[in-house]
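Undergrad: Here you go, sequence then predicted model.
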Amino acid sequence: MKILCLGDSLTYGFGISRQDTWVSLTAERTKLELVNRGINGDTTGGMLARFGDEAAAYSPNKVLLMGGSNDIFVSNSADSAKANMSALAHQAVALGVAPLIGTPPPLDVETLRRDWAVLMDVERLQEIGDEYAAWLRRFVDVFGIPLVDFRAAFEAVPEGEQKQALYIDGLHPTPAGHRLMADVLCHRLLERTPESLRFGA
């Protein structure tokens, strides 16, 4: 089974080595073929624009879709992310590729780069991120899409040094953060049979 992982820097693994990304770690643990097609700085609009070409190039059985952080960062809104993630899921089905949807990890204010505050209202960004994650959870429930809830795993870690160790800069995960994400995905993949990982309208 081949899984295309389509996303932004949270999928690519900004700031860490290729073998330490959650994509690589999951492939190693599960012995499945995972293709990392995260692009640093990409938006869900960019993901949507390139999805057809990516699917044609790699012929995956499944696609793990995770994006939206950059949409929110740039526009202070999750509207485009919602529309594009919905379109991505439906296009995947049209192409015969079973979708999974990942929730991006939350911001960590304590470790967030101070210079980014010039471009964003951090508190508002947190609110939008929470609302977007809640919408993704409702969306997958409605359409029967498997959810890979990375965000919930990060939120379950107690505040303080343990949580801060998961972030490079308040947004991008450290190797420890990627190990946590790999734990979540491995559990999700191994708890279900291939037949149950199907989009259900």
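TA: Received it, and whenever you're ready, just let me know what you need.
Undergrad: what secondary structure does Asp115 sit in?
TA: helix (DSSP: H, G, I helix; E, B strand; the rest coil).
Undergrad: Can you give me the pLDDT of it?
TA: pLDDT for Asp115: 73.
Undergrad: tell me the contacts of it?
TA: Contacts for Asp115 (C-beta atoms under 8 Å, 6 or more residues apart in numbering) come out as none. No exception for glycine: its C-beta is placed from N, CA and C like everyone else's.
Undergrad: And Asp42, by the same measure?
TA: Counting by C-beta under 8 Å, 6+ apart, Asp42 has contacts 7-9, 67, 70.
Undergrad: Go through those and flag which are in strands.
TA: Among the contacts of Asp42, the residues falling in strands (DSSP state E) are Gly7.
Undergrad: So which of the contacts of Asp42 is the closest to Trp22?
TA: Distance to Trp22 across these (C-beta to C-beta) is lowest for Gly7, with 10.5 Å.
Undergrad: ok, the closest one - contacts?
TA: Gly7 touches 37-39, 42, 47, 64-67, 102, counting by C-beta under 8 Å, 6+ apart.
Undergrad: quick check, nearest of the contacts of Asp42 to Thr111?
TA: Closest to Thr111, out of all of those and judged by C-beta to C-beta, is Ser9, at 15.7 Å.
Undergrad: Tell me the bridge partners for the residue positioned nearest the centre of the chain.
TA: Computing the C-alpha centroid of the chain and ranking residues by C-alpha atoms, centre = their mean puts Met66 first, at 3.0 Å. Bridge pairing for Met66 (DSSP bridges) gives the partners Gly7.
Undergrad: Looks like it contacts Gly102 (just checking).
TA: Yes: between Met66 and Gly102 a contact is recorded at 3.4 Å, counting by C-beta atoms under 8 Å.
Undergrad: Spit out the residues that contact those two alike.
TA: If you check Met66 and Gly102 against C-beta under 8 Å, 6+ apart, the residues they both contact are 7, 148, 150.
Undergrad: Just put those in TSV and tack on pLDDT and distance to Ala134.
TA: Output for the shared contacts of Met66 and Gly102, formatted as TSV (pLDDT from 0 to 100; distance: C-beta to C-beta, whole Å):
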residue	pLDDT	distance to Ala134
Gly7	98	20
Val148	98	16
Phe150	98	15
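Undergrad: quick one: buried residues of the helix or strand bottoming out on mean pLDDT in the chain?
TA: When each helix and strand of the chain is scored by mean pLDDT, DSSP states H and E, helix 161-164 comes last, with a mean of 88. Residues of helix 161-164 classed as buried: Lys163 (neighbour count, 16 or more other C-beta atoms under 10 Å).
Undergrad: Give the other helices and strands that that helix contacts.
TA: With contacts taken as 3 or more C-beta pairs under 8 Å, 6 or more residues apart in numbering; DSSP states H and E, helix 161-164 sits against no other helix or strand.
Undergrad: Pull the residues that contact that helix.
TA: 108, 110-111, 154, 157.
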